[in-house]
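Undergrad: Next comes the sequence, and after it the predicted model I'd like to discuss.
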Amino acid sequence: GYITRLKVFTTNVDVVDTVANEIKALHSELSVTTQQSTLERLQQQQEMYESVLAQSQESIATTQATATQEIIVVVAASSLIVLFVMLYTVRERTKEIGTLKAIGFSNRVVMGQFLVEGLLLSTIAGIVAIAIASVAAPTLSSVLLPTVGSTMGFNNITNFGTNTVTLSIDLILGALGGAMLLEIIGSLYPAWRAAKIRPAEAMKYE
């Protein structure tokens, strides 16, 4: 039994604002909205969302640049760690290497042995890292995503925190392949050095 909305049409678009103002003056209890004001409000919302999107893209670009730098540092550090560990292993097993070569092991076999050992260690380390990341990624994303959403002004999104990040098969395989590649890079020189050790010199090593 109550009227909740009235639509008023004018014969000329130029008098819309005049008619709206007259209705407001006659009935101050009414909320008068024109299509133009609605359009302007939508345009303001669009500009606000575009501004938020631009800020988000800028933040993502900065994060990607930082992440790239960190990845380069991590890759370099990982390669150096593998290199020094394998060099230490070769040094500590000099006598064993000499014994193997003395009983007929070729340089290729000795070099392959150290490459396989390093590959096995890196594979185990990669599997452990992937297992930790599989547990940590959803937990961290569920904590960080609501914070990011509120920072961007999306406080009214109630299910934002239910969105979690999971590791894809491609990412897991890529990480495991990267770990193996780092091992190969870091183990090439130590393995080559082990293969070049002379049996007579190795047997004298203490």
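TA: Great, that's in hand.
Undergrad: Could you identify the longest helix within the chain?
TA: In terms of residue count, the longest helix belonging to the chain (DSSP state H) is helix 35-92.
Undergrad: Give the rounded mean pLDDT of that helix.
TA: The average of the pLDDT scores along helix 35-92 is 80.
Undergrad: which helices and strands sit right next to that helix?
TA: helix 16-26, helix 107-151, helix 169-195 (3 or more C-beta pairs under 8 Å, 6 or more residues apart in numbering; DSSP states H and E). The way it works is simple: take the backbone N, C-alpha and C, and place the C-beta from them, glycine included.
Undergrad: Would you tell me which one of these is buried the most?
TA: Ranked by mean neighbour count under mean count of other C-beta atoms under 10 Å, the helices and strands packed on helix 35-92 are led by helix 169-195, which reaches a mean of 17.
Undergrad: Provide a list of residues in contact with the nearest residue to residue 183 once chain neighbours are set aside.
TA: Spatial nearest neighbour of residue 183, excluding adjacent residues (C-beta to C-beta, 6 or more residues apart in numbering): residue 122 at 3.5 Å. Taking C-beta atoms under 8 Å, 6 or more residues apart in numbering, we find residue 122 in contact with 82, 179, 180, 182, 183.
Undergrad: roughly how far apart are the residue nearest to residue 182 when sequence neighbours are not counted and residue 92?
TA: Leaving aside its sequence neighbours, residue 182 sits nearest to residue 78 (C-beta to C-beta, 6+ apart; 5.0 Å). Distance from residue 78 to residue 92, counting by C-beta to C-beta, to the nearest Å: 21 Å.
Undergrad: which one of these two has more residues nearby?
TA: Neighbour tally, residue 78 and residue 92, criterion other C-beta atoms under 10 Å: the higher count belongs to residue 78, 18 against 10.
Undergrad: Roughly how far does that one sit from residue 84?
TA: When residue 78 is compared with residue 84 (using C-beta to C-beta), they lie 11 Å apart.
Undergrad: Which one, of the helices and strands packed on helix 35-92, ends up nearest to residue 61?
TA: helix 107-151 (15.2 Å; C-beta to C-beta).
Undergrad: mean confidence score for the closest one?
TA: In this model, helix 107-151 carries a mean pLDDT of 72.
Undergrad: Quick check: residue 184 touching residue 119?
TA: Yes: with contacts counted by C-beta atoms under 8 Å, residue 184 reaches residue 119, the gap being 7.0 Å.
Undergrad: Name the residues contacting each of these two.
TA: Common neighbours of residue 184 and residue 119 (C-beta under 8 Å, 6+ apart) do not exist.
Undergrad: one step back: from the contacts of residue 122, pick the one nearest residue 109.
TA: Closest to residue 109, out of all of the contacts of residue 122 and judged by C-beta to C-beta, is residue 183, at 18.6 Å.
Undergrad: List the residues that contact the closest one.
TA: Residue 183 neighbours (C-beta under 8 Å, 6+ apart): 82, 118, 119, 121, 122.
Undergrad: again with residue 97
TA: When contacts are counted by C-beta under 8 Å, 6+ apart, residue 97 touches 90, 110, 194, 197, 202.
Undergrad: Alright, calling it a day.
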